[in-house]
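**Q** need a 3D model of the sequence below.
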Amino acid sequence: MALMFNAVTEIPKPENTPFVGYQKGSKERDALVLEIRKLRERTKSQALYDHCPLWINGPVVASKELLCRVPHDNTRILGTYSAASERHVVAAIDTVLNARERWSQIPWWVRMHIFRTAARLIETKYRHQMVAAVMEDYSKSPFEASIDVEELIDFLNFNTYYAYLIYQEQPDSNRDTLNMLDCLPLEGFVFSVSPNNFIAINGNLCTAPLIMGNVVVAKPSSDVVYSFNLFLKILLEARLPHDVMSVLYGDSKMIGEIVMNHRMFSGVHFTGGTDTFNAMWGVIGNNVASKKYRIYPEIVGETGGKDAILVRDDANPQQTAISIAVGAFGAQGRKCSSTSRVYMTLSMWSNVRPHLHAIMYSIRVGDVADFRNFMGAVINEREYGKILKYINEARVLEGKGTSDDVWEVVGHETNQTNPPNGWFIRPTVIVTGNPKYRTMEEEIFGPVVTVCVLRKERFEKEAVSLFDETSEYGLTGAVQTNDVFELCEMLHKLRFAVGNMYDDRTTAAMVNLQPFSGLRMSGTDSKVGWIDNLRHWTRKRTVGLRASKTTFPPPYLDKE
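**A** Numbers count the residues shown, from 1 in each chain. Presented below is the predicted three-dimensional model:
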């Protein structure tokens, strides 16, 4: 394929997508309600279910069909999806590898235009439909679903801009040489593996490598196939070639084993569980040692978090309560950045407690289409049971003897009146005097936050080290104080503790404003939402052209 273009085009720097709050009486609210109604009417009849096929150079229907269930009404089905077999995985890899040469050779600005078009389609034509799909698929409130979709738009817009900046980065030339860095895609294919808590992450993990000219085999979480299938349709409408990304649903272990043992496997873009990522790293390491791969694969991943707030006595108690509640209970605590542990003194807790209790008991939990509800359901039955186990264990220990383990458990009353068919868990606070209590150390990934209350002397002596050393993770954190000297000291002492540090709550990073990723066992610190992440998906070849040719002998060499 011989292409010749001499235009030097420009990609303008985007702005973050304007927030749509879906306030009562707004035209946006009316449009969203209509989309939810249409979606629910369509899924009442099995004959009208959406089917989500595999995508391997076109839709592929497999013999094994699974259900897309609604977390807040698990008797209701959004649609069905095909589960891949081993032959589908092999075909998916072969397909993208066959497309690799053509995709990498088209002008870079054509690739950019595809993803900028997709962003514009979501922002205009599909915005409310996508928000409705995320609400139903992820059980997110209109607010949480809206900011999730907006982040997806921002990823597409800013990543194309970052790619443009990378292509602009060039070495100097002089009178005798013309020099350049030729940005190449990885020599093979990229495996994107995405979680069940953000459509923005699902979209970013597969498109970031595509933007840099790579071909991709994508494996979205089986819990949220429905909304990813809508995103795929939007990419195709934006003219993404049919064969540059294969999409596989189903058995993650089987798919991963085939993909990561392929000679042309060149990288993984991952967000998910720490154990899964560690296992991937082990497979890749063994295959490198046995010289199975053509290149050293790029390993980019974000895993878990056990995100903490350190609250000093001079902080505002009401604001602290708000930060805890929003950080811990937004999206049912199903963000890797959700507030999970808090350190404060006994006197500070006595001031924060009434505010936090008031907020907790004002929170309604239920159907996300009811705009009075702040929270929906957790994603599936397995996660529901896991979270309840932590809560029930704490209730058994609550206030027993002289143990410091559990002083009190607030929330998730067993006599609550929730709709019977959803995986609902009310916001829960566990209060402990033991900084090593189980829920201070283990990731829960649900609406549960543990407050560790310490004596003043112990807080001053140990709080920073407890923040730093209690968990293996290092994702996000916050320090609340009105003393700027204390803030600066804490930022210094905790500089290796987390990848994102704030002065209020642990959540709400925005693309281009707060590049996001973790340290330690929270990931590879690849800073999604920033130029650094795009650099992983390119290799640079230096090209030097000389105006003056090399001569011999050199001038220092004496003739005699």
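**Q** dump the residue contacts of the most centrally placed residue in the chain.
**A** Nearest to the geometric centre of the chain sits Ile201, at 3.8 Å (Cα atoms, centre = their mean). Contacts here follow Cβ atoms under 8 Å, 6 or more residues apart in numbering; on that basis Ile201 touches Ser194, Pro195, Thr271, Val528. For glycine as for every other residue, the C-beta is placed from the backbone atoms N, C-alpha and C.
**Q** now the third one: how far from Val190?
**A** Here the criterion is Cβ to Cβ, to the nearest Å. By it, Thr271 lies 14 Å from Val190.
**Q** more neighbours: which of those two?
**A** Neighbours per residue (other Cβ atoms under 10 Å) separate Thr271 from Val190, with Val190 holding more: 30 against 24.
**Q** the more buried one falls within a helix, correct?
**A** No: counting by DSSP: H, G, I helix; E, B strand; the rest coil, Val190 is not found in a helix; it is strand.
**Q** which residues touch it?
**A** Per Cβ under 8 Å, 6+ apart, neighbours of Val190: Pro209, Asn214, Val215, Val216, Val217, Ser266, Gly267, Val268, His269, Glu298, Trp537.
**Q** now with 7 Å, please.
**A** Pro209, Asn214, Val216, Ser266, Gly267, His269, Trp537 (Cβ atoms under 7 Å, 6 or more residues apart in numbering).
**Q** how about it: what's its closest non-neighbour residue?
**A** Pro209 (4.1 Å; Cβ to Cβ, 6 or more residues apart in numbering).
**Q** rewinding a little: hmm, which two among the contacts of Ile201 are most spread apart?
**A** Pro195 and Val528 (12.7 Å; Cβ to Cβ).
**Q** for the contacts of Val190, which one is nearest Val247?
**A** For those, the nearest to Val247 is Val216 (9.0 Å; Cβ to Cβ).
**Q** circling back: among the contacts of Ile201, which are located in strands?
**A** Thr271 (DSSP state E).
**Q** let's have the contacts of Ile201 in CSV, adding pLDDT.
**A** As requested, those are arranged in CSV below (pLDDT from 0 to 100):
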residue, pLDDT
Ser194, 96
Pro195, 95
Thr271, 97
Val528, 95
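**Q** any idea which of the contacts of Ile201 is closest to Val431?
**A** Pro195 (29.7 Å).
**Q** so the closest one touches Gly272, yeah?
**A** Yes: counting by Cβ atoms under 7 Å, Pro195 touches Gly272, with 4.8 Å between them.
**Q** and Val451, what does it touch?
**A** Neighbouring residues of Val451 by Cβ under 7 Å, 6+ apart: Val342, Met344, Trp349, Val429, Val431.
**Q** skipping adjacent residues, who's closest to the third one in space?
**A** Closest residue to Trp349 apart from its sequence neighbours, by Cβ to Cβ, 6+ apart: Val453 at 4.7 Å.
**Q** identify the bridge partners of the one you found.
**A** Met344 (DSSP bridges).
**Q** dump the residue contacts of it.
**A** Met344, Leu346, Trp349, Val431, Gly433.
**Q** report pLDDT for it.
**A** Listed pLDDT for Val453 reads 97.
**Q** try Tyr161
**A** Confidence score, pLDDT, at Tyr161: 98.
**Q** and what of Ala47?
**A** 56.
**Q** ditto for the one 5 residues further on
**A** Taken from the predicted model, the pLDDT recorded for Cys52 is 95.
**Q** repeat for Ala7
**A** At Ala7, pLDDT is 82.
**Q** same thing with Thr402?
**A** 60.
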